[in-house]
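Chemist: with the sequence up front, the predicted model follows.
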Amino acid sequence: MDSVCPQRSLFEVRHVHFAYPGGDAVLDDISFDVLEGASMAMMGANGCGKSTLLKALDGLLYPQKGSIRFLGEELSENALKSDAFNRWFRRNVGFIFQQSDVQLFSPTVEEEIAFGPLHLNLSPTQVKRRVEDISEMLEITHLLQRPPYLMSGGEKKKVALASVLSLNPSVLLLDEPSAGLDPRSQMWLVETLKQLHGAGKTIVIATHDLDIVNDIADTVVIFNEMHRIEAVGPVKETLQNTEMLLRVNLIHEHYHRHGDEIHSHIHAHDSEHKHQHDDVE
Amino acid sequence: MHIPDSMISPETCAVGAAVMAPVWFVAGKQLRRSLPTKHIPLLAIGTAFCFTIMMFNIPVPGGTTVHPVGAVLLAVLLGPPAAIIGVTAALVVQALFFMDGGALAIGVNSFTMAFSMPICGWFVYTLISGRTPSNHPRRAIAAGIASWIGLNVAAFITAVVLGIQPILYHDASGRALYFPFPLSVSIPAMLFAHMAFAGVAEAIVTASVVRYMQSRNFVLYGTSEGQTASKYGLSLLWAGLGVMAALTPLGILAKGDAFGEWGVEGLKKQAGYLPAGFLRVERYGWKGFALFPDYLSDKGPLFYILSAVIGIALASGLILLVAKLFVRNKSESSPDEWDGGEPRGKLRAGELPEWLLRSPKDDNPKETQGGEDRTMKRGWLDKTLEDLSASWSVAMQQEKTAKLDGALQRLDPRTKVVSLLLLSLAAVMCNQAYILAGLLFFAWMLALLSKLPMPLFFKRVVTPVAFFILPIAIPSTLNWVHRGHALLTISSHPYICITLEGSITAGMFLMRMLCAVSFVALLSSTTVSHQLFEGMGMLMVPRTFLWILEMTYRYMLLLLRSAEEMFLARKSRTVHAADTEEARRFLSASMGALFVKSMNLTEDIHGAMRSRGWGGETRFLRRSHFSWRDLTWGGLFMLVFLSSIIGGFIG
């Protein structure tokens, strides 16, 4: 199914263990690879540790045990202290937070988009160019002079994406990108991510939204509620294992009453909740 | 505690700024050197938190309100330098955007709330908590006591700064040029409200939030688990002592100047204390300082002692209260009438409890729709809620008027910041009625040219003036404050009348205030917030500091939103207005929740910044749009400024 044959490992995650101070482990013995050019989804129920892992992949948290390597270089607190390494890593990896408000800390959209390139030493003309290009691509030119707190959720997500894309990263890490978006914005997001993947970007998404996974991911890593990996594999095969999906709380059995008859079926997608039955009175 | 411009003299403002400049410098340096870059966004959030809790109004008998500050809380959690910088930033935002406290008085206001308060608080806190570990309950109690003391120290200094105004600044006839009341009035008034009300709230909030943070494993600043901070806590204390020492000339200045002014006529004036001289002075309408000693010995000490007694009683009661607050959650639960009694089995997960299946009207048959219907009383919560949404809408309103196509909107923010602040300064320094009238006219013409909606503009100018000044201006027209020719006799026994001299003082005072506020209002309503910050860069304000301000403003609006939602959520679940006890508890709980929310935000924002390459040093897009328009308008502003200053001197 893969048109490109991914070979090189971008991220190598080995036996990673992480616990927040004073709390239980949120990641327990996690190992997997993210291949270059892949589009990978990390799935699991709420609180299974996928957001934490994403932050660790972005070098914002450091595992207490085990290691994470990016293109062979270990992501440790010390390594990221080096200015050159930090710059190289940050240019390559972009992270989009679940809560756009967290990410939009600048006074205007323009400043926001310029923030990354400015801090990674691009020249002012290059920065200007990137701000223009990216805002045209995402159709947010009219928002450039606006402060972020006056925008809708969908617009905020666009600006957040723009602020990361302006770095031209080779990997995009997205935390629950579809959460809180209306159907049209979700659609837009899926299309944009597909387009970016098609352009050779590696995409890693943490989500529990099976719709978006089917649409854009080729590989999936499934976490269970014990904070360990339950399964890794190609999307199609892995997501057919309903028994496993039930076990990790990604889908649930849903009971319906149609007249006298009770029927149950397994639910995954949010959209299926709104499905129609012809025989409803 | 926010002193508005023109309540104090520009000289006092300058002294305040001069004192604070080295403090800001040292605190900023400390922050940069000893705190990890991680703490910059944390600071912005802490500041937003301070700003927000300053809007939690507590009513005081007599009709005014007081509020907590949160400076000691910041010092305990993040350290004194962070508190100094954070609270200063909150004050700057308040002065510029919400007209709370004067723009020129920033130095003085920072000295009280951003410097004296956290430093004194920190000192008391370290004294009480000693070497206890970070999660020791004693630290929470220490923080509570420290914040009570800190707030009252700040209130005391504010009262002193205000009270020395009539001594320092008055015209030849002894009429005060600025704040008209002497120390004997300002000190008891400020201390009573803060000891009995704001201080208690401050202490409860500080102690509860610290306790809560401890339970969340937050490592308090300066404890052994934290960075090696005791060293720089100390060096800051030294700096504080140095500044205090540097400040003493202010006291000498007060005395010296006052004596100096009496100097030439001083001996002659001695007669003023004697009944004979008193009569003579009365006859010629000559007042002056003979009045003050009287005032002082008369009402001062009594008020003073009374408020002190109340304060001490409250302080000792506070520890019991704090202790009570902590054990509450576990034991207390009062069952509702219709909920208890019936024996029942354990519910399966997902099974609805029986009462949820009933219609609400069966729940309490006694309560019917047609029953007693009282009008809901407006409680503190409603007041606070209104304040929260009002400040939100002020901010939104500003964004809107700043985008109109008017004369001032077209100018570069830097031109506006510099010239309008200068004009505001000219108004405050002006002592000639006709020049003030001219300046006022100029300001309102500018508002017209900028296409501002005039009713809204007047409302924004007049409201703060009326709120702050009328309670002060009206009494100052009476013969009790300013003796002189009677204009209108109110009562003959005791003799109360409105005097000519008093009315002139009050009138000038009002004009000056209106003028200064008009210029600041012009600035803030014609400039988009981020441009305003950019304009401030002209005033030698360091970029990083401005950037913290910008972030503060942004997240403050976010926090205001969540505070508003919290209050609405509470309102939607209650029928009656909360009683005082209940409201107090809710206020402190929601302030705590707000803080925890802020702290959680911080971590993520810091991550988001690092993720895009930020390493502690911030860069900005630079743009400059100076044009011929700025040159002409800037020239005009300078002309008006200079002519009013010169006119004031010549007159």
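Modeler: Noted; the coordinates are in hand.
Chemist: can you show me the strands along the stretch 351-500 of chain B?
Modeler: B:486-492, B:495-499 (DSSP state E, counting those that start in this stretch).
Chemist: so what touches the helix ranked longest in chain A?
Modeler: The longest helix of chain A (DSSP state H) is helix A:183-198. If you take C-beta atoms under 8 Å, 6 or more residues apart in numbering or on different chains as the criterion, helix A:183-198 is touched by A:39, A:138, A:153-154, A:157, A:161, A:165, A:172, A:174, A:177-178, A:181, A:203, A:205, A:211-212, A:215-216. From N, CA and C alone the C-beta is placed, and that goes for glycine too.
Chemist: and of the strands of the stretch 351-500 of chain B, who's closest to A:Met43?
Modeler: A:Met43 lies closest to strand B:495-499 among the strands of the stretch 351-500 of chain B, at 78.5 Å (C-beta to C-beta).
Chemist: for that closest one, packing partners?
Modeler: Packing partners of strand B:495-499 (3 or more C-beta pairs under 8 Å, 6 or more residues apart in numbering or on different chains; DSSP states H and E): strand B:486-492.
Chemist: dump the strand it packs on to PDB, restricted to CA.
Modeler: Once non-C-alpha atoms are left out, strand B:486-492 reads as follows in PDB (Å, rounded to 0.1, in the frame of the first residue of the first chain):
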ATOM      1  CA  ALA B 486     -18.100  81.200  53.000                       C
ATOM      2  CA  LEU B 487     -20.000  80.600  49.800                       C
ATOM      3  CA  LEU B 488     -22.900  78.600  51.200                       C
ATOM      4  CA  THR B 489     -23.600  77.900  54.800                       C
ATOM      5  CA  ILE B 490     -24.900  74.400  55.400                       C
ATOM      6  CA  SER B 491     -25.300  74.400  59.100                       C
ATOM      7  CA  SER B 492     -24.600  77.000  61.700                       C
END
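Chemist: find the residue ranges of the stretch 1-150 of chain A scoring beneath the pLDDT cut-off.
Modeler: Across the stretch 1-150 of chain A, the ranges flagged by pLDDT under 70 are A:1-7, A:22.
Chemist: quick one: the helices in it?
Modeler: For the stretch 1-150 of chain A, helices defined by DSSP state H, counting those that start in this stretch occupy the ranges A:50-57, A:77-81, A:83-92, A:100-103, A:109-119, A:124-137.
Chemist: if we can go back for a sec, wait, which of the strands of the stretch 351-500 of chain B is closest to A:Ser76?
Modeler: Taking the strands of the stretch 351-500 of chain B one by one with C-beta to C-beta, strand B:495-499 is closest: 76.8 Å.
Chemist: taking strand B:486-492 as reference, get the angle to the next helix or strand after that closest one.
Modeler: As assigned by DSSP states H and E, the chain's next helix or strand after strand B:495-499 is helix B:500-526. Inter-element angle recorded for helix B:500-526 and strand B:486-492: 110 degrees (by axes from the mean of the first three to the mean of the last three C-alpha atoms, to 10 degrees).
Chemist: now do the buried residues in helix B:500-526.
Modeler: B:501-506, B:508-526 (16 or more other C-beta atoms under 10 Å in any protein chain shown).
Chemist: what sits against residue 117?
Modeler: By default, I'm working from chain A. With C-beta under 8 Å, 6+ apart, A:Pro117 has these contacts: A:Gln126, A:Val127, A:Arg130, A:Val131, A:Ser166, A:Leu167.
Chemist: look at chain B instead
Modeler: B:Val69, B:Ala71, B:Val72, B:Val87, B:Gly150, B:Leu151, B:Val153, B:Ala154.
Chemist: and these as a markdown table, adding neighbour count, pLDDT and distance to B:Ile646?
Modeler: Below are the contacts of B:Met117 laid out as a markdown table (neighbours: other C-beta atoms under 10 Å in any protein chain shown; pLDDT from 0 to 100; distance: C-beta to C-beta, whole Å):
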| residue | neighbour count | pLDDT | distance to B:Ile646 |
| --- | --- | --- | --- |
| B:Val69 | 31 | 86 | 40 |
| B:Ala71 | 34 | 90 | 41 |
| B:Val72 | 35 | 92 | 46 |
| B:Val87 | 30 | 87 | 38 |
| B:Gly150 | 32 | 93 | 44 |
| B:Leu151 | 33 | 93 | 43 |
| B:Val153 | 19 | 91 | 41 |
| B:Ala154 | 31 | 91 | 38 |
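Chemist: from the residues you listed, which is closest to chain A?
Modeler: B:Val87 (20.8 Å; C-beta to the nearest C-beta).
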